[in-house]
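>>> Kindly generate the corresponding structure for this input.
(one chain, ligands or ions: 1)
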Amino acid sequence: MKDIKIFYGKKILLEDFNWLDNAGVVVSPEGKIIAIEKIDHIRREYSGRIVEFECGTIIPGLLNAHTHLELSHLKGKVQASSSFANWLQEIALHRIMFDREQAIASARESIKAMIAQGVTTIADVVSENITPLLLAEYKHLRKFYFFEIAGWTEEQATNMMNRLTERIRGLEQYNDTMTFYGISPHAPYSVSESLLRNAVAFSNREHCLIMIHLAESPEEDELIRSGQGKLYELFDSFGVLPEDWKPPGCSPTQFLYDLGMLSNDTLVVHFNYPSDEDIQLVKNSGCSVVYCPGSHRFFKHTRHPLPTLLKEGINVCIGTDSLASNEELDMFREMRIVAEEFSELSAPQILSLATTNPARALKLQNETGKIKKGLSCDLAVLISNNADEITLEMISGKKEQEFSVLATVLAGNVVYNSAV
Ligand SMILES: [Zn+2]
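Now for the predicted structure:
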């Protein structure tokens, strides 16, 4: 039994959000949790190598449910503007001047930083195909690639779908059980109806998840409902809309619902401006919602409907979005923003947004998101900066966060240790 490992900490957060003091997580050679017990019991019952974090507070590794790592090089380069259309225009200009080497270097830094901040699963939207190569270096990290598709013409639609098949085939070389894929039609305002239909058919055929930006801005709503507004003006000036394009004439959520895109295989990102009817459509179709607190604050959007969504029983998770609309990709900071914006939420509710809820949205609930027997040993080990007890209120950002990440454990492997 020499390959068994035991992670020993001052306290461990259990799935019911209670603490087990002076305890250890026993892990199989395959990286699965065998037991969570008091350390005295473990010393009697198991023989294995004890990895000592005796001052550490052990919590489940965090899941970042939405990011675009390949936009990391835009950190601090894109200013928040009064209009979403202006921001989109700036991003489009940066895409023209895209420097691949720089994008690779910045994405690499972001991955390192994220792991050092306790993240053990990353759901990344891939457009330029940079991140699969970089993330493959982290064998034990759970990676979920959502391949982006966008375009207005039939020709673009055909090219995008052909390229999609190639990119998915490209993942086979990594041959690893920690790699998952889905597709990401960019948004209702940047993908033609026929390409959206192709995406739904693809998802049904391949049984893969869909991630799509939805109801992000009032401009999106205006374009889809009436074919007017700043987004329309922007697309018109770029000449990207086909001549025969007509607005769907309903809300963006209704539009996707009518196309059959909303199901429990779908994650809708942002969902900042839904109507009451839109919320019911999402609820009834079983979609998950990814709220991006830092990005939401960057754009100064009106208050997010998060409490209503949770009350309706919708599965909501949080993500950082990219550094083109956020200062950091730190999930603890995202939880702190949620705590600041929504004092009515409890600490377990906030922590669930970064652990159990994204695991469920990504259909990884039998693998990660909790410290539980049978699940993968994905952990974040925290250490107090001032010797005070670390509480759930501190971790979720409801109280000042006087702690840092001591170590990150992926499937039983310590991949980051601040002491080394
Ligand atoms: Zn995004």
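>>> can you give me the strands in the stretch 101-250 of the chain?
When secondary structure is read from DSSP state E, counting those that start in this stretch, the stretch 101-250 of the chain shows strands at 119-126, 142-149, 179-185, 209-214.
>>> who wins for proximity to Lys230 among the ones you listed?
Distance to Lys230, taken as C-beta to C-beta, is lowest for strand 209-214 among the strands of the stretch 101-250 of the chain, at 16.6 Å. Backbone N, C-alpha and C define where each C-beta goes, glycine included.
>>> pLDDT averaged over that closest one - what is it?
Averaging pLDDT along strand 209-214 gives 98.
>>> For this structure, which residues score under the pLDDT cut-off?
Low-confidence segments of the chain, defined by pLDDT under 70, span residues 1-2, 81-82.
>>> So it: which segments form each domain?
For the chain, whose domains are defined here by automatic domain parsing, the residue ranges read 5-60+371-417, 62-361.
>>> How far does the last one stretch from one end to the other?
It stands for domain 62-361. 14 Å (C-alpha to C-alpha, to the nearest Å).
>>> returning to what we had before: just send the domains of the chain back as CSV, with mean neighbour count too.
Below are the domains of the chain laid out as CSV (neighbours: other C-beta atoms under 10 Å):
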stretch, mean neighbour count
domain 5-60+371-417, 19
domain 62-361, 19
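>>> ranges for the helices of the stretch 101-250 of the chain?
Per DSSP state H, counting those that start in this stretch, the stretch 101-250 of the chain carries helices over the ranges 131-135, 154-170, 193-206, 218-226, 230-238.
>>> Out of those, flag the one nearest Cys292.
Among the helices of the stretch 101-250 of the chain, if distance is taken as C-beta to C-beta, the winner is helix 218-226, at 14.9 Å.
>>> Who are the packing partners of that closest one?
Applying 3 or more C-beta pairs under 8 Å, 6 or more residues apart in numbering; DSSP states H and E, one finds that helix 218-226 makes contact with helix 84-96, helix 230-238, helix 252-258.
>>> who's in contact with the longest one?
What that stands for is helix 84-96. 71, 74, 77-81, 216-220, 229-231, 233-234, 238, 299, 324-325 (C-beta atoms under 8 Å, 6 or more residues apart in numbering).
>>> on that earlier part again, any chance of a markdown table for the helices of the stretch 101-250 of the chain, columns distance to Gln349?
Formatted as a markdown table, the entries for the helices of the stretch 101-250 of the chain read as follows, by distance: least, C-beta to C-beta, whole Å:
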| stretch | distance to Gln349 |
| --- | --- |
| helix 131-135 | 30 |
| helix 154-170 | 36 |
| helix 193-206 | 30 |
| helix 218-226 | 28 |
| helix 230-238 | 34 |
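>>> Of those, which is nearest Leu262?
Closest approach to Leu262 among the helices of the stretch 101-250 of the chain is made by helix 193-206 (9.7 Å; C-beta to C-beta).
>>> what's that closest one in contact with?
With C-beta under 8 Å, 6+ apart as the criterion, helix 193-206 contacts 149-151, 154, 156-157, 160-161, 164, 182-183, 185, 188, 191, 208-210, 248, 256, 259-261, 265.
>>> which residues does the residue lying closest to Pro305 once chain neighbours are set aside contact?
By the measure of C-beta to C-beta, 6 or more residues apart in numbering, the closest residue to Pro305 outside its immediate chain neighbours is Pro274, 6.3 Å from it. Residues in contact with Pro274 (C-beta under 8 Å, 6+ apart) are 215, 251, 253, 282, 305.
>>> which residue of this protein sits farthest from its center?
Using C-alpha atoms, centre = their mean, the residue of the chain lying farthest from its centre is Arg44. It sits 39.8 Å away.
>>> and that one, which of the three is it?
At Arg44 the chain is in helix, as set by DSSP: H, G, I helix; E, B strand; the rest coil.
>>> Equivalent analysis for the one 10 residues further on, please.
For Glu54, the reduced secondary structure class is strand; criterion used: three-state DSSP.
>>> roughly how far apart are it and Gly24?
The gap separating Glu54 from Gly24 is 10 Å, by C-beta to C-beta, to the nearest Å.
>>> cool, His270 as well?
40 Å.
>>> What of Leu196?
From Leu196 across to Gly24, the span is 49 Å (C-beta to C-beta).
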